[in-house]
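K.L.:
Structure, please.
(2 chains)
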Amino acid sequence: MSNVELSVKIGSLELKNPVLLASGTVGYGNEIAQYTDLSKLGGIVTKSLSLKPRKGNPPQRIVETPSGMLNAIGLANVGVEVFVKEKIPFLKELNTTLICNIAASSIEEYVECTKILDGEDAIQAFEINVSCPNVKEGGLEFGNDVNAVGRITEKVRAVTKKTLIIKLSPNVSRISDFAKVVKEEGGDAVSAINTLVGTSFNIFTRKPKIKNITGGLSGPAIKPVALAKVLEISRNVDIPIIGIGGIMNWKDAAEFIIAGAAAVQLGTINFINPNAGVEIVEGLKTFCEQTSVNKISELTASYQL
Amino acid sequence: MYIEKSRFESIEHLEHNIHLIKVYSPSIARSAKPGQFCNIKVSDTDFPLLRRPFSICNVEGEHIFFMFDIHGEGTLLLATKKAGDELDILGPLGNGFDSNGDYQTAVIVAGGLGAAPFPFLTKRLPADKNIYSLVGGRSLHQVIKWGLKNIHVSTDDGSEGFKGTIVELFKTKIDELDGKKIRVFGCGPNPMLKALQELSIENNFDCQISVECAMACGFGICQGCPIENADGGGYSLVCKDGPVFDAKKVKL
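P.N.:
Numbering: from 1, shown residues only, chains lettered A, B, ... in the order given. All right, here's what the predicted structure looks like:
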C-alpha cells in the first residue's frame, strides 16, 4: 500500500501528480489517447493555439541530432474557433487537467485568445508561449524581451482568473529575470524551458537539414541546460516552476523536481514512448516510497548545494 | 494500434544492400493492412533517439517482414540484430492501400526500395484482380522482386530489362493495359512518384501513391511529416493521413 502524496499545486491549480505532457507533443489528446491512459497523468498541455489557424512550415520540419531532435513545425494549429468547437468535447472526457497553450504574434492576440478560451470550463489553466523559436513574428522575440514578457503577463492576467503559466525561452542570458517579471505581473508559474535554437547541415548539399534553417532542439541533449535554468530560477525567484527539457524517465523527472521544479512536462519522449508519462508517475511513486518521501512536493528544490 | 515488444527472428540478405527481417509481432501482424507501416525503436538507448518508420513488407501468420537498405546508423543497428533480440515496434500505422473497388488489374509501380510494401499488397489483393508489377532500379542489383508476381523490369543502365525509368516502361505498356480497368499503386523515390503522378493524371488513371517522409512519432502528434495538399489548402500528415494518397490530391 502506497500512501505517497503525489498531488502538487501550481498557483490555485491542483494536479493529481506532477507529470504533464508538454505542448506540441500531445496534439489535442486524441491520437496519443490510443496508447496511454491520460487520466493517470497530472495533465496535458495542448498544442499552441493562435487566434486564426496556421498551416505551419513546409517540410522538412524535423531532423534527429545527437541525443535530440530539431523541429520547426511553425505552430501548425487549428485556431481557437475550431479548437473550441471540435477539440474541447473530446478533451473534456479525458478526466485529466487541461492546460491550454497560446501562441500569438501580438499582445492583443494573446489577450483575445485568452478571453475566448477563458469561458470554457474544461480549460483549467493557460500556458502562454512567449518563446517559440520557429515563427518569424513574435514568439522568440517576445521571449527575448523582458519588458514584453512583463506586458504580456500583465495583459493576459487582466482577462483571466485561471492559473497563468508563462513558458520561458532558454535563449536568454538570465532566465531568472524573466521569471521575476512574470511573478511581479501576476503570473502564477513559469514553464522552463522551451527548445534551444539549433541547426544542422547536410555537408554534401551544404543545405540546412530543415527548411526553416533553424529549429528548436529538444530531447536528452538539452537536459543539463534545462536543469541549470530551473535551478537558476529556483534560487532567485519564489515562483512555481514547471521543469521541461529532455526528460526520458522517472529519474530525469526526479532530478528536475530536486532542482526546483514543482511539476514537470514530458516532450520528445512522447514521440518515442507515448505511454512514458504513466510509467514516470509510477516510477516517481516508487522512488518516493523507497526514499521515505511522504509528499512529492517535499522534493521540490530539495537540492543540497 | 499497439506498442509491441516483438521478437527478432531472422535476417535475409536479398540484393546489394537490401535486407529483409522477420519479427514475431502477433498483435500488429493480425491487424496490419497492406500499405501501412510500423515505427521501430532499433535500440534500447538514446541512440538513435527516435523510432524509424518501415513499410510492412509482408505478414505471415503472427510474423511481420520489413525490407530496408542500410543507409544510416538506425538501419545498420537493425541489420546487426540477432535471433531472440527484442524490438519495440509501434504499429500498424497509417491508412494503407485501398484495393477494393471496380477495377480489373492492379498495376504495381515500384522504384528501388519502393517495392517494400508490395509483397503484402500482392498477397492480400482481392481474388478477382489481376496483377501487373513494374519494378525498376538503377541497375539489376537494385531491382527487388521478392514477393512480387508478373514482373516487368526496368533499369536506368539497361543491365536488366527495359533501359530507362520505370515510368518510361509503364508508358510503353499503356496500350496493352486498358486504362479504365486498372488501378495503379506506386511507391519509390520522389522524382519517380512525381513522374508517375503526371502520367496518371494525364491518362486519368486511378492511382494511389505511398510517400516517404522523415517523422518522429508516426501517429500525428509531432506534426513533423507534412505533405502539401494539391488544392492549396495547407498540409496533410504523411503518418496519419497517408502514407498512401490519391495521386491527384497531393503536391510532390
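K.L.:
Report the contact partners of A:Lys251.
P.N.:
A:283, A:287 (CB atoms under 8 Å, 6 or more residues apart in numbering or on different chains). To be clear about C-beta, it is placed using only N, CA and C from the backbone, and glycine gets the same treatment.
K.L.:
do A:Glu154 as well
P.N.:
By CB under 8 Å, 6+ apart, the neighbours of A:Glu154 are A:185-186.
K.L.:
Can you pull the phi/psi pair for it?
P.N.:
Dihedral pair for A:Glu154: phi -60, psi -50, per degrees, to the nearest 10.
K.L.:
same question, B:Thr122
P.N.:
Main-chain dihedrals, B:Thr122, degrees, to the nearest 10: phi -60, psi -40.
K.L.:
next one: A:Tyr28
P.N.:
phi -110, psi 30.
K.L.:
contacting residues around the closest residue in space to it that isn't next to it in sequence?
P.N.:
Nearest residue to A:Tyr28, sequence neighbours excluded (CB to CB, 6 or more residues apart in numbering or on different chains): A:Lys87, at 4.2 Å. When contacts are counted by CB under 8 Å, 6+ apart, A:Lys87 touches A:28-30, A:46, A:78.
K.L.:
For stretch B:76-93, buried residues please.
P.N.:
Using 16 or more other CB atoms under 10 Å in any protein chain shown as the test for burial, stretch B:76-93 gives B:77-79, B:81, B:87-93.
K.L.:
Same check on stretch A:85-102?
P.N.:
For stretch A:85-102, using 16+ other CB under 10 Å, the buried residues are A:87-88, A:91, A:94, A:96-102.
K.L.:
repeat for stretch A:206-220
P.N.:
Neighbour-count burial for stretch A:206-220 [16+ other CB under 10 Å]: A:208-210, A:212, A:214-220.
K.L.:
Stretch B:190-207 now?
P.N.:
Going by 16+ other CB under 10 Å, stretch B:190-207 has these buried residues: B:192-193, B:195-197, B:199-200, B:205-207.
K.L.:
Please list the members of those that lie in helices.
P.N.:
B:192-193, B:195-197, B:199-200 (DSSP state H).
K.L.:
of the residues you listed, closest to chain A?
P.N.:
Nearest to chain A among these is B:Leu193, at 14.5 Å by CB to the nearest CB.
K.L.:
I figured that closest one hits B:Glu212, correct?
P.N.:
No: using CB atoms under 8 Å, B:Leu193 is not in contact with B:Glu212; the gap is 9.0 Å.
K.L.:
Count the residues that sit near residue 116.
P.N.:
Answering for chain A, as no chain was given. By other CB atoms under 10 Å in any protein chain shown, 17 other residues sit near A:Ile116.
K.L.:
ah, no, chain B please
P.N.:
29.
K.L.:
likewise A:Pro66?
P.N.:
For A:Pro66, the count of nearby residues is 12 (other CB under 10 Å).
K.L.:
What residues does it make contact with?
P.N.:
With contacts defined as CB under 8 Å, 6+ apart, the neighbours of A:Pro66 are A:221, B:47.
K.L.:
okay, the buried residues of stretch A:85-102 in a markdown table with secondary structure and pLDDT next?
P.N.:
What follows is the buried residues of stretch A:85-102, written out as a markdown table (DSSP: H, G, I helix; E, B strand; the rest coil; pLDDT from 0 to 100):
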| residue | secondary structure | pLDDT |
| --- | --- | --- |
| A:Lys87 | helix | 94 |
| A:Ile88 | helix | 94 |
| A:Leu91 | helix | 94 |
| A:Leu94 | coil | 91 |
| A:Thr96 | coil | 94 |
| A:Thr97 | strand | 96 |
| A:Leu98 | strand | 97 |
| A:Ile99 | strand | 97 |
| A:Cys100 | strand | 97 |
| A:Asn101 | strand | 97 |
| A:Ile102 | strand | 96 |
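K.L.:
Could you dump these into CSV with distance to A:Ile257 added?
P.N.:
Shown next, in CSV, are the buried residues of stretch A:85-102 (distance: CB to CB, whole Å):
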residue, distance to A:Ile257
A:Lys87, 30
A:Ile88, 31
A:Leu91, 26
A:Leu94, 24
A:Thr96, 20
A:Thr97, 18
A:Leu98, 22
A:Ile99, 18
A:Cys100, 24
A:Asn101, 22
A:Ile102, 26
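K.L.:
what residues are up against whatever residue of the stretch 51-200 of chain B ends up closest to chain A?
P.N.:
Across the stretch 51-200 of chain B, the shortest distance to chain A (CB to the nearest CB) belongs to B:Arg51, at 6.1 Å. Listed by CB under 8 Å, 6+ apart, the contact set of B:Arg51 reads A:271-272, B:39-42, B:88, B:90, B:216-218.
K.L.:
If we use 6 Å, what do you get?
P.N.:
Contact analysis of B:Arg51 by CB atoms under 6 Å, 6 or more residues apart in numbering or on different chains lists B:39-41.
K.L.:
what does A:Phe126 give?
P.N.:
Contacts of A:Phe126 by CB under 6 Å, 6+ apart are A:100, A:114, A:164.
K.L.:
if I look at it, how far off is A:Asn236?
P.N.:
24 Å (CB to CB, to the nearest Å).
K.L.:
likewise B:Val23?
P.N.:
From B:Val23 across to A:Asn236, the span is 52 Å (CB to CB).
K.L.:
correct me, but A:Asn236 touches A:Asp177?
P.N.:
No: the pair A:Asn236 / A:Asp177 is not scored as a contact, 8.5 Å apart, by CB atoms under 6 Å.
K.L.:
how many neighbours does residue 229 have?
P.N.:
Picking chain A for this. If you count neighbours by other CB under 10 Å, A:Lys229 ends up with 29.
K.L.:
hmm, I had chain B in mind actually
P.N.:
16.
K.L.:
Please convert the ones in helices among the buried residues of stretch B:190-207 to CSV, extending it with pLDDT and distance to chain A.
P.N.:
Compiled in CSV, those are given as follows (pLDDT from 0 to 100; distance: CB to the nearest CB, whole Å):
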residue, pLDDT, distance to chain A
B:Met192, 97, 18
B:Leu193, 98, 14
B:Ala195, 97, 20
B:Leu196, 98, 20
B:Gln197, 97, 17
B:Leu199, 97, 24
B:Ser200, 96, 22
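K.L.:
Pick the one among these closest to B:Glu228.
P.N.:
Nearest to B:Glu228, judged by CB to CB, of these is B:Gln197 at 12.7 Å.
K.L.:
these two touch, right, that closest one and B:Ala247?
P.N.:
Yes: judged on CB under 6 Å, B:Gln197 makes contact with B:Ala247 at a distance of 4.5 Å.
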